[in-house]
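Colleague: Predicted coordinates and the sequence they were generated for:
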Amino acid sequence: MYTERHSTAAAQPKRSPSTESQPIAAHAYAELKRRLLYGDFPLGQRLAEVAVAELLGVSRSPVREALSRLHAEGLVIRLPRGGFSPAAPDLHTVAELYEVRRSLEFTALNRGEHDTAQLEAIRDVWSTMRAPDTDEECGPDFVLHDEEFHMSLALASGNTALAELLESVNGRIRFVRMHDFLTADRVHKTIAEHLGIVTSLLAGRTEQANKRLDRHLYVSTKVVEERAALALARMISGAPR
């Protein structure tokens with residue numbers, strides 16, 4: 001499941017200082033990522049650890065860790081004299097990569113050699129997937145679940161090389177595709193669309209599966225383009241949300 005909650009009446013063991021700091025580090029990372037995706041920081045602004053720590057209400061250590069992770073994800077760039085700054089999405093290159101992704105996905109979908117057991121496994125996983133109840137609980141990391149669906153679908157076609165190419169493209173556009181999953185509504189719709197595609201394939205309705213995938217990719221692309229463009233505009237103007 002995408003969102004899970006665990007509780008227990010048993011007494012919890014005493015946590016070490018390192019364990020205590022983990023939720024703080026996770027919070028700093030998630031909150032900073034969210035702000036970057038919304039374009040809350042102007043282009044060229046140096047994300048000074050002290051200032052960001054004060055903004056998030058944490059110490060410098062979790063901010064340093066968060067910036068390192070976000071750099072690996074492509075959401076910040078390293079400045080020549082040290083430190084980090086928000087990364088500007090290259091919308092033209094992203095559009096080209098989306099074309100490549102689309103071509104690979106339709107090639108996989110229409111091979112006609114899908115493994116039924118793998119398709120059933122995909123369907124079973126997504127039948128139990130649940131989106132957050134509210135926008136506030138929703139995070140951009142659902143993109144990893146989405147990638148897993150499309151990768152599994154490609155692998156089920158029997159062409160491993162094709163799936164590897166798709167994985168490479170996904171890695172290059174992931175930091176922009178995160179914009180697609182900032183609201184619970186988009187996650188709900190994505191889950192339903194994924195189930196529709198795999199159900200059509202299992203029923204042997206390839207034409208219907210093509211139409212559903214076409215619509216799924218079209219809507220996702222438009223949502224990403226719109227939100228990434230808005231974020232970029234905010235970064236350029238420095239206007240608050």
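Modeller: That came through fine.

Colleague: Residue ranges in this protein under the pLDDT threshold?
Modeller: Scanning the chain for pLDDT under 70 picks out 1-22, 134-139, 239-241.

Colleague: what's around Ala203, how many residues?
Modeller: Ala203 is flanked by 10 other residues according to other Cβ atoms under 10 Å. Any C-beta I mention is one placed from the backbone N, CA and C, and that applies to glycine too.

Colleague: what sits against it?
Modeller: Ala203 sits next to no residue when contact means Cβ atoms under 8 Å, 6 or more residues apart in numbering.

Colleague: residues touching Tyr98, list them.
Modeller: Ile173, Leu217, Thr221.

Colleague: Give me the nearest residue to the first one, chain neighbours excluded.
Modeller: Leaving aside its sequence neighbours, Ile173 sits nearest to Leu97 (Cβ to Cβ, 6 or more residues apart in numbering; 4.9 Å).

Colleague: State the helix or strand in which that neighbour lies.
Modeller: Taking DSSP states H and E as the definition, Leu97 sits inside helix 91-109.

Colleague: between the contacts of Tyr98, which is closest to Gln118?
Modeller: Leu217 (20.7 Å; Cβ to Cβ).

Colleague: mind checking the SS state of that closest one?
Modeller: helix (DSSP: H, G, I helix; E, B strand; the rest coil).

Colleague: For Arg177, see how far away the residue nearest to Ile173 is.
Modeller: 10 Å (Cβ to Cβ, to the nearest Å).

Colleague: Neighbour count: those two, which is higher?
Modeller: Counted by other Cβ under 10 Å, Leu97 and Arg177 do not tie: Arg177 has more neighbours, with 24 against 18.

Colleague: what sits against the more buried one?
Modeller: Contacts of Arg177 by Cβ under 8 Å, 6+ apart are Val143, Asp146, Asn170, Ser220, Val224.

Colleague: The first one touches Met178, doesn't it?
Modeller: The reference is to Val143. Yes - in this structure, Val143 is within contact of Met178 by Cβ atoms under 8 Å, at 5.0 Å.

Colleague: So if I had to pick from these two, which one is more boxed in?
Modeller: Ranked by neighbour count (other Cβ under 10 Å), Val143 and Met178 place Met178 first, with 26 against 20.

Colleague: Spit out the contact partners of that one.
Modeller: Lys33, Leu37, Pro140, Asp141, Val143.

Colleague: which residue packs closest to it, ignoring adjacent ones?
Modeller: Pro140 is the one closest to Met178 (Cβ to Cβ, 6+ apart), at 3.8 Å.

Colleague: And for Leu202?
Modeller: Nearest to Leu202 is Leu119, by Cβ to Cβ, 6+ apart, at 5.2 Å.

Colleague: Packing partners of the helix or strand hosting the one you found?
Modeller: Using DSSP H and E, Leu119 falls within helix 116-127. On a contact count with 3 or more Cβ pairs under 8 Å, 6 or more residues apart in numbering; DSSP states H and E, helix 116-127 meets helix 142-156, helix 184-202.

Colleague: can you list those helices in a markdown table and add distance to Leu165?
Modeller: Formatted as a markdown table, the helices and strands packed on helix 116-127 follow (distance: least, Cβ to Cβ, whole Å):
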| stretch | distance to Leu165 |
| --- | --- |
| helix 142-156 | 9 |
| helix 184-202 | 20 |
